[in-house]
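Peer 1: model this:
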Amino acid sequence: MGAMSFRDIVDYLEDFFDGPTISRGTQVYRSKKVVELKVGVSTIQATVLGTLPRDRYQVELRLMNGDLKAACTCPVGHRCKHAVAALREWQAQHTDDAMSDSALLHWYNLFEHRHRRVKDQKIYQLLYVLDRNKESHQLHLQMHVGRKLKNGHWSKRSSVVHSIALDHGAKYGLDDIHLIAELKQQDSFHTVASVHILEKLVATGRCFWNEISEHPLSWGEPRTSTWCWQPIDDEVFRVQLQIDGQADVLPMSPLAYLDSQQGIVGQLSQTFPEQLDSELLSLQRLTIKQVHWLYAKLKEHDISLEQYIAPPDSDGGQAIQCKPRVLLKRLKRTFRMLGEADLIPQARLFFEYEGAEIEAHDPRKRLPSKGSTIERDVLMESNFENRLKDFGLQYVASWDSGDHGYYVMPSTAQWWDFLSDGKDKLEREGWTVEIDRSFPLKVEKVDEWQAEIASEVEQSEWFELGFTVQVGEEQMSLLPIITAAAQQLNKLEIDESDQEQRILIKHSEHAALSLPVNKVKSLFQQFLTVYEGDLSRAGRIKISRYQAHQTVAQLKQLEVDTALDEQLTQYVKRLKSYDSREPSPLPEGLNATLRDYQIQGYQWLQFLSESGLAGILADDMGLGKTLQAIAHLLREKQRGEMTLPALVVAPTSLLFNWARELERFAPSLRFVVLFGNKRHNQFEQIRQVEVVITSYPLLQRDIKVLAEQSFHCIIADEAQYLKNSKTKLYQALTQLKAAHRLCLTGTPIENHLGELWAQFHFLLPGLLGSSRQFTKVFRTPIEKHGNNERLDYLYQRIRPFILRRTKEQIALELPPKTEINKMVRLEGKQAELYESVRLTMNDKLRQLFSEKGIAQSQIEILDALLKLRQVCCDPRLLSLEQAREIKGSAKLELLMDLVPEMVDEGRKILIFSQFTSMLSLISEALTAAKIEHISLTGQSKNRQQLVDAFQQGDVPVFLISLKAGGVGLNLTAADTVIHYDPWWNPAVQEQATDRAHRMGQDKPVFVYKLYVEHSVEEKILSMQEHKSQLASAVLDSSGGQAKVGLTDDDIQDLFAPLERLDG
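Peer 2: Below is the predicted model:
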């Protein structure tokens, strides 16, 4: 065999390093802290990182004269964990090396040891002798050294202890060595406490019972057993285990048995949870009362002893009941403690036995009762005292011999917790809890309170809501108390099954109110949380009069007595009177027959005007919102209310649509359209007409003139233009003066709830609070957390002020609308261009995100997405040299496969695109295919002529820019709508679709949405669905879930490669 090598070292590390050092060094190696390793013929040099990054230790390992020299620059310096780590790293790099000579020799020695033949019968071996300890009944072990004689008997040479003398001549086998090692790990070397070790002893064939004989013990099959209580006398029992067959119990874990007649030991089938069986056997004799106490205590540990062993019957008569009583009082001291000795709370514990009472820790074992004595139930009293300690109460012994001690809490806060929760729990468990007048912490139980809503001043838009409770002779304001306990209420867990649950809320250092949990939690959630706890000096919250209806309804639901002042009472009555009010007659001279739902909308508009309110008419596109508003204006004139003109503000494209509708349906209404460069000459007509019509862009320019004029009402058509309250347009609108305001829109929510807040803030300031309040109370919980409770709360608040009917709800006799998604896949150079643009923009954005973050990179994100969308539409839309070289577009080819066939079938087609340049490319393709068509974009000056040409059937195809023609057009001649490219906002596309699918349509309408598979366009379609769910959940009463928002995952998916999505 050769000299020692590093392979020998790593094979026998324990010969060179202690166990903890090997363990720590191995962990250092696994943490990849060996950063450099150089190996020589007999040396290893390594650099190992320390605990701190700046610590770098140099290790040198050298083989010298059959030994290992290990030096290190760490504080240990010699044979340290860093040396072990270096050896482990060397071992990992040399796993394929051949086994060393010494390792092979070690393997052979073990082989020879295991397989040697015992030729000499005089060889001594270890013998194991078991017996039972008379005091503890545990299994006792003695070891001897002996040899087997020719007659089969064993000779006994001497006793052996755990420090085995190897010179006894015994050739210990590996089994013996391992067995002795396990015995050493026990608490007692000479005690066998485990079936595992007992089985190994028996397996040697050299284990005997009581004395060495020619018949060693053998291992038997498991046996079953039965537990029972063995009576000693009438009232005393002992637990006993009866085993099948004649055998004794060996107490260990798990239990074993000994059949001494057959020389068999084995395991008993386990009937109890682990270790419980051996613990039960250690019980001494118990009285019947002690047995029942034991059963009850084990249940506290989820152990039902009745499942395993039935309790003994008792005929000792009815046990005397012990009832606990706690008295809370002030602790009296013979000396003053720091500051407030007279305000220290204490508890006294008493036990009642048939009218007799004794205090805890009274040393008497019996107490007199009705001419006799009663023995105390010490176990039950112990249970009661432990239960008291569960709440944190600690026993304090008294120095006064006549005082039996008392219980205190470590802190006043824990006393409040006990009064809030523990007291009620104890009383429900049958305890008596009394509070002495001297007890320094005062608790007032309050179940009812009163609400008061009053206006700040006469004819005010704002009211104040307050709650009061009667505490003794004092009337207290409740809201400040509950507001101060906001953190406590947020953490409160309501037990729905406990209708009596209460909460303790402090209102001073030594006084608190005990209030019903359900009522307080509702008050907190419905008022203080929503109004952010902004209280006046009088402890009231400020609410808008537009919230009065919901506030009164909530108070009624909470069963709170409410006092309203006269102004608010009349206001609430008006709101409640909608269903019972006398309907307004339809206006005379209206040249239209209103459908039932339109009459309902007209009546609702009249009701708002009569009540001095405002609202949103949010019917689906195409259901005649303009007609309902005109009918309303005409009736306002006829009942003498329009002493001032009404102002209609609409998109530029709809100005003359309003003019035509007024001329057609209400010719008696005089109007003026403020439009063009000469509109300033028309300002003088404002006071001479009933209706003034202007556009959103011109409103901003003319705001100085219009702001000086008072109007009867303002109608904001396509009110989604008001979605951003920070724009100059919005600020201009809020400067206008009017007694009555209306919004008309089929899409009050396009992207997020903030748009709804902006419209209602214009209509009814204060209804939804400030923008900050609205975001905190509604937007964030609903959009980010899907909070349906807040969603329903928002719906209930806006419900009286918004009227929305969908086409499905009113069951119009409109022909069906069929939506078809047509997918196309990019191939060849167009797909390569998409990937090239995607990779370039993705890398650019990732760099930008690391510098500015996603929130500050919105413009760049939109620009990148725009380029990808342009590639999907047609590479020629991109101003890139690479794009110009690509001939053809997969989507345009799809379109040109569809349109000619549709035209041949006599279909009338609307084609929408966001890109006017794309419409030009489509126009070129249609011209090449000799298909007649017309186009409408933002540059078109003859909108109505184009519409009339299409409606009259002059051309079969109408190309329309989504922005210019998405609203205000009536194109019922069309039966086919094609959206060439998807837009982020589903409402915008729906508006465009409803140019064809609206009142007056008599043909089924087919809507085609073209998109590129696995591209950014497919993701847009998915995001459209999310936004539609948000709008539906808020505006409808279905209570659907709403959760929206662009996430990091959304951005990652938007810029995902085509190949990854394809797989």
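
Peer 1: what residue lies at the spatial centre of the protein?
Peer 2: residue 785 (7.8 Å; Cα atoms, centre = their mean).

Peer 1: gap between residue 782 and residue 866?
Peer 2: Shown here: residue 782 relative to residue 866, a distance of 30 Å by Cβ to Cβ, to the nearest Å. For glycine as for every other residue, the C-beta is placed from the backbone atoms N, C-alpha and C.

Peer 1: Also residue 838?
Peer 2: 13 Å.

Peer 1: Please identify which of these two sits among more neighbours.
Peer 2: Using other Cβ atoms under 10 Å as the criterion, residue 838 and residue 866 rank with residue 838 on top: 21 against 16.

Peer 1: Could you work out the end-to-end span of stretch 392-407 for me?
Peer 2: End-to-end span of stretch 392-407 (Cα to Cα, to the nearest Å): 9 Å.

Peer 1: Buried residues, that stretch. List them.
Peer 2: Buried residues in stretch 392-407, counting neighbours by 16 or more other Cβ atoms under 10 Å, are found at 392-393, 395, 404-407.

Peer 1: Among those residues, which ones are in strands?
Peer 2: Using DSSP state E, 395, 406-407 are the members of the buried residues of stretch 392-407 that sit in strands.

Peer 1: Give the residue spans of the stretch 151-300 of the chain that score low on pLDDT.
Peer 2: Residues of the stretch 151-300 of the chain that meet the criterion pLDDT under 70 lie in 156-172, 187-188, 234, 270-275, 278, 284.

Peer 1: And the strands in the stretch 501-650 of the chain, which stretches?
Peer 2: Assigned by DSSP state E, counting those that start in this stretch, the stretch 501-650 of the chain shows strands spanning 502-508, 511-516, 541-544, 561-564, 615-617, 646-650.

Peer 1: Ok, the stretch 151-300 of the chain next?
Peer 2: Remark: strands assigned in the stretch 151-300 of the chain by DSSP E, counting those that start in this stretch are 158-160, 191-192, 207-209, 218-219, 225-231, 236-243, 248-250, 256-259, 264-267, 286-287.

Peer 1: nearest to residue 598, of these?
Peer 2: Closest approach to residue 598 among the strands of the stretch 151-300 of the chain (Cβ to Cβ): strand 225-231, 83.9 Å.

Peer 1: Check the offset of the closest one from the chain's centre.
Peer 2: 52 Å (Cα atoms, centre = their mean, to the nearest Å).

Peer 1: Residues contacting it, please?
Peer 2: Contacting residues not belonging to strand 225-231 are listed as 237-244, 249, 255, 257, 268-269, 271, 280, 291, 308-312 [Cβ atoms under 8 Å, 6 or more residues apart in numbering].

Peer 1: Figure out how far stretch 130-149 is from the centre of its chain.
Peer 2: Averaged C-alpha coordinates place stretch 130-149 at 62 Å from its chain's average position (Cα atoms, centre = their mean).

Peer 1: Would you mark the buried spots in it?
Peer 2: Those would be 130, 132, 138-148, for stretch 130-149 by 16+ other Cβ under 10 Å.

Peer 1: Could I get these in TSV, plus columns for distance to residue 79 and secondary structure?
Peer 2: Formatted as TSV, the buried residues of stretch 130-149 follow (distance: Cβ to Cβ, whole Å; DSSP: H, G, I helix; E, B strand; the rest coil):
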residue	distance to residue 79	secondary structure
130	44	strand
132	48	strand
138	43	coil
139	43	strand
140	42	strand
141	38	strand
142	41	strand
143	36	strand
144	41	strand
145	38	strand
146	43	strand
147	43	coil
148	46	strand
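
Peer 1: Out of the buried residues of stretch 392-407, which two sit at the greatest distance?
Peer 2: For the buried residues of stretch 392-407, the farthest-apart pair by Cβ to Cβ is 392 and 404; their separation is 20.4 Å.

Peer 1: any idea how far the residue lying closest to residue 867 once chain neighbours are set aside is from residue 883?
Peer 2: For residue 867, ignoring the flanking residues on the chain, the nearest one in space by Cβ to Cβ, 6 or more residues apart in numbering is residue 837 at 5.3 Å. Distance of residue 837 to residue 883, given as Cβ to Cβ: 9 Å.

Peer 1: next one: residue 627
Peer 2: 48 Å.

Peer 1: what do you get for residue 940?
Peer 2: 28 Å.

Peer 1: now swap in residue 502 and tell me
Peer 2: Applying Cβ to Cβ to residue 502 and residue 883 gives a distance of 72 Å.

Peer 1: swap in residue 70?
Peer 2: Using Cβ to Cβ, residue 70 is found at 67 Å from residue 883.

Peer 1: likewise residue 259?
Peer 2: Counting by Cβ to Cβ - residue 259 and residue 883 are separated by 94 Å.

Peer 1: domain parsing for this structure?
Peer 2: 6-111, 117-219, 225-307, 323-366+376-439, 444-576, 596-810, 817-826+887-1054 (automatic domain parsing).

Peer 1: the longest helix in this structure is where?
Peer 2: The residue-count maximum for a helix in the chain (DSSP state H) belongs to helix 828-852.

Peer 1: Packing partners of that one?
Peer 2: helix 858-873, helix 881-884, helix 1058-1062 (3 or more Cβ pairs under 8 Å, 6 or more residues apart in numbering; DSSP states H and E).

Peer 1: Run the chain-centre distance for the shortest one.
Peer 2: I take that to be helix 881-884. 49 Å.

Peer 1: ok, residues contacting the helix or strand following it?
Peer 2: The helix or strand immediately downstream of helix 881-884 is helix 890-904, counting by DSSP states H and E. Helix 890-904 is touched from outside by 822, 824-827, 830, 872-874, 909, 911, 921-922, 925-926, 929, 931, 956-957, 976, 978, 980, 1008, 1010, 1012, with contacts defined as Cβ under 8 Å, 6+ apart.

Peer 1: Show me which of those are buried.
Peer 2: Counted by 16+ other Cβ under 10 Å, these give 824, 826, 830, 872-874, 909, 911, 921-922, 925-926, 931, 956-957, 976, 978, 980, 1008, 1010, 1012 as buried.

Peer 1: Just the ones of those in strands?
Peer 2: Using DSSP E, the buried ones among the contacts of helix 890-904 in strands are 824, 909, 911, 957, 976, 978, 1008, 1010, 1012.

Peer 1: Which pair in the residues you listed has the greatest spatial separation?
Peer 2: 957 and 1012 (22.4 Å).

Peer 1: Residue 843 is in contact with residue 864, correct?
Peer 2: No - judged on Cβ atoms under 8 Å, residue 864 makes no contact with residue 843 at a distance of 10.5 Å.

Peer 1: Give me the pLDDT for the closest residue to residue 695 other than its chain neighbours.
Peer 2: For residue 695, ignoring the flanking residues on the chain, the nearest one in space by Cβ to Cβ, 6+ apart is residue 652 at 4.3 Å. In this model, residue 652 is scored at 84, pLDDT.

Peer 1: And the helices in the stretch 151-300 of the chain?
Peer 2: For the stretch 151-300 of the chain, the helices defined by DSSP state H, counting those that start in this stretch cover 174-184, 195-203, 276-281, 288-299.

Peer 1: Just put those helices in CSV and tack on distance to residue 560 and mean neighbour count.
Peer 2: Formatted as CSV, the helices of the stretch 151-300 of the chain follow (distance: least, Cβ to Cβ, whole Å; neighbours: other Cβ atoms under 10 Å):
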stretch, distance to residue 560, mean neighbour count
helix 174-184, 73, 14
helix 195-203, 68, 18
helix 276-281, 55, 18
helix 288-299, 43, 16
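
Peer 1: As JSON lines, the ones you listed with distance to residue 796 would be great.
Peer 2: Listed next are the helices of the stretch 151-300 of the chain as JSON lines, based on distance: least, Cβ to Cβ, whole Å:
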{"stretch": "helix 174-184", "distance to residue 796": "72"}
{"stretch": "helix 195-203", "distance to residue 796": "68"}
{"stretch": "helix 276-281", "distance to residue 796": "57"}
{"stretch": "helix 288-299", "distance to residue 796": "48"}
